[in-house]
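In: The amino acid sequence is not available; the structure is as follows:
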């Protein structure tokens, strides 16, 4: 028996899968960020150009008893100031990660010159809602311990221990009814889609530091296959809370800062002697748009996304073994972009500052670039904004897009001893001819992603 | 037609699940067709006083019964164990090898290129170490100041928390364990779009193969929220059934007396493969993935659009990709979709809105399409629900039978479709199940739809 095919009635629809996937070209037509430099991709760029760091003492909670007391928090940031009045109540059910994503989306809409539902403008929205997708990567969101403990304390036995039967029998009512919704990773995308009325395909990638770039890859495919013309795309996370900081230091990712105020003394990408990295709050979003759509509305086009690749590394083994999947991802992106390593004018790597991760990253880069690696300048973000986890890949992409747009390499910070074949040492900003830029990352958990930006 | 011939076709060549009704494909299927329930009292933790103290628990697998060398996974939490067990079954079912006797991370068919073996899961976070968490917090609570004593808290936390137990909760860990066990070096993703996650994962995995980035994708998901904070969260949202007197009869999708969902847990894994690769290694396609749709409600974080517009968009996109006109009839005069695996949670809001969404898409065809919710029997596996429901669609296609919606004793006038009430349906006389559609809708408004079709060359 044959299932009836579409036949004539829908032949012209761009949704038909049979459209050659690569015929729709994808560009970046807007940037949004919230980082330790504050609100805005422009603040990030200015901070990077000036060679400043936003690593400071943690102020979001009392971290004085924690071995690691430094991080890059977004100063004076609250989503409350950014959302329409009618949505302010909803900010109460936003964990910090969600607020950061909402902030970056606000910045992106402005930068991309879009009118959305949240613009509260008399003009019609730039896009038909069903043609706008949303892919915002996230991490495991930690709950606020004071909020949950206030409720737990109502189920405490006389000896101070937890009483599970009292908890089930009424004590749980001391948690707010919508408590769970505050911490679901998909709520970053959900709030952004509601605020800006984006009803196209929406996904939430949760692959640690690779979440942001993998999300951009998903947006790119959704636009290529015709299911959307534009996507909010990237990631956001904040591990700067008590549970997050403990977890990250238990897995040896954080330097022991011993009361120091000098973050740059610790975050030293690719320095084998570094003792760990520092966390940053971060949200990065890019406006992924189909080329013709961007041209038609006269959008500022930062760059075209010409190649994307993903690959997996094993959980165990030495750096060489762990770099294999990463090299696969980079090679796939270069192949798809139709460029060779010598065509890459700059690399924006993960550069986490954690020796183990940096080692597998440098292994992968050496395997792909060989002798060209020493000649290829790099852009490192972690000394400026810390390790921003799910936000990191998209923030790296924002930086890459800004480099391409301004034909400028920002300053680099480094206080240690990186290997000679990696251009990651301290330097000031400079003009550069930048055509193809590689943005790539690895992740705790083994996921890797790579993306190539090229001029349109 | 000529356009379609140059499109990569994606087939399902293996299935495996770990569910409250067991982990053998045929055993679970028989229990589903028999209308059996996996719901019972919660035994995982002390839940007696909760307003919902029952759930559909899955047996925690002993990985040594699934893998020759499970030592790589000693730190795996329950959700990762579910994933590994389901994947071992799926791998074997696909004829790729036997994880019990082989080191499948390196041994496998000659055609298998590890850089073209990927994973796309919709897995949830691992369960928190609740007892420890409660102890740390309570010991550092300053009751008079009604605030945390952070010096105390830091001391307790560093004393009591361990690296593995904490980091294994990250939602990418089940996928990371799978990659290690099966030697996957290709594109690997985890998405977490709440209750829609694994449907989305399967759909996106099929797209990874279609665009030529992988030959084989292990796709599906896993989840358990059967821990004190998970149950607490859903009770506070008033999303759970509180029919304490009758746990097996508690989840009542489409019935007027439904009062919420019942928590389930487990995993489902499907082996997706390009048809060309499957044929090259002589594998038998169990079904083909012909349509995938994804949308966002963009409405409210707590409610669904009243007419299910988001669900309609997702179904519409999947039907369009499958080249199926929802208003048409097949060669036997039936609607073009022969079974719908509903999201069907048993919450008041979902079931009536899903019904309206189905009616809006299929119009006059809607009442004659058999629809059921296996959540009535195995509870809501949250992120993993879509995976076990996609496997249900594969089984419906293979056997021509559709599982029932149990506990449907008082039909809701607002839910007026054919929900295969209480008794399974043998559709073979009518032409079997050629095409099946599976819906999943996530909290917050992310919707996903898959369409599977019986394979024919």
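Out: That came in fine, so what should we check first? Keep in mind the model is a prediction, meaning the values are calculated, not measured.

In: going forward, measure contacts between C-alpha atoms and count neighbours the same way
Out: Fine.

In: okay, and the helix or strand of chain B with the least pLDDT?
Out: For chain B, counting by mean pLDDT, DSSP states H and E, helix B:2-5 ranks last in confidence among helices and strands (a mean of 34).

In: Can you spell out which helices and strands pack onto the helix or strand following that helix?
Out: Using DSSP states H and E, the helix or strand that follows helix B:2-5 in sequence is strand B:10-18. Contact here means 3 or more C-alpha pairs under 8 Å, 6 or more residues apart in numbering or on different chains; DSSP states H and E; on that basis strand B:10-18 packs against helix B:25-33, helix B:78-93, helix B:197-210, strand B:265-274, helix B:275-280, strand B:287-296, helix B:385-399.

In: Out of the ones you listed, flag the one nearest chain A.
Out: Nearest of the helices and strands packed on strand B:10-18 to chain A, taken as C-alpha to the nearest C-alpha: strand B:287-296 at 4.2 Å.

In: touching chain A at all, the next helix or strand after the closest one?
Out: Next helix or strand after strand B:287-296 toward the C-terminus (DSSP H and E): helix B:309-322. Yes. For helix B:309-322, a contact with chain A is found by C-alpha under 8 Å from any C-alpha of the partner chain, at B:310, B:317, B:320-322.

In: Would you format these as CSV with distance to residue B:78, neighbour count and pLDDT included?
Out: Below are the residues of helix B:309-322 next to chain A laid out as CSV (distance: C-alpha to C-alpha, whole Å; neighbours: other C-alpha atoms under 10 Å in any protein chain shown; pLDDT from 0 to 100):
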residue, distance to residue B:78, neighbour count, pLDDT
B:310, 33, 27, 97
B:317, 35, 24, 97
B:320, 38, 23, 97
B:321, 36, 19, 96
B:322, 36, 24, 97
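
In: what's the closest of these to residue A:103?
Out: residue B:310 (24.9 Å; C-alpha to C-alpha).

In: For the closest one, list the residues it contacts.
Out: A:199, B:295-297, B:445-447 (C-alpha atoms under 8 Å, 6 or more residues apart in numbering or on different chains).

In: buried subset of these?
Out: A:199, B:295-297, B:445-447 (16 or more other C-alpha atoms under 10 Å in any protein chain shown).

In: Specify which member of those is nearest to residue A:169.
Out: Nearest member of those to residue A:169, counting by C-alpha to C-alpha, is residue B:445, at 31.2 Å.

In: burial count for residue A:157?
Out: For residue A:157, the count of nearby residues is 12 (other C-alpha atoms under 10 Å in any protein chain shown).

In: That one: what's it in contact with?
Out: residue A:163.

In: same deal with residue B:255?
Out: Here residue B:255 is in contact with B:346, B:407-412, B:415 (C-alpha under 8 Å, 6+ apart).

In: Quickly note the distance from residue A:390 to chain B.
Out: 12 Å (C-alpha to the nearest C-alpha, to the nearest Å).

In: ok, that residue - contacts?
Out: Residue A:390 touches A:137-139, A:206-212, A:235-237, A:283, counting by C-alpha under 8 Å, 6+ apart.

In: quick one: which of those sit in helices?
Out: A:211-212 (DSSP state H).

In: For the contacts of residue A:390, which two are the farthest from each other?
Out: Longest distance between any two of the contacts of residue A:390 is 15.1 Å, between A:207 and A:283; criterion C-alpha to C-alpha.

In: Helices along the chain, start to end?
Out: All of this is about chain A. Under DSSP H, chain A gives helices at A:41-50, A:96-111, A:145-152, A:164-168, A:187-196, A:211-224, A:242-250, A:291-296, A:319-337, A:355-369, A:382-385, A:392-406.

In: if you could check chain B rather than the one you did, that'd help
Out: So, for chain B - with DSSP H - the helices run B:2-5, B:25-33, B:78-93, B:130-139, B:150-160, B:163-167, B:173-182, B:197-210, B:228-236, B:275-280, B:309-322, B:348-362, B:375-378, B:385-399.
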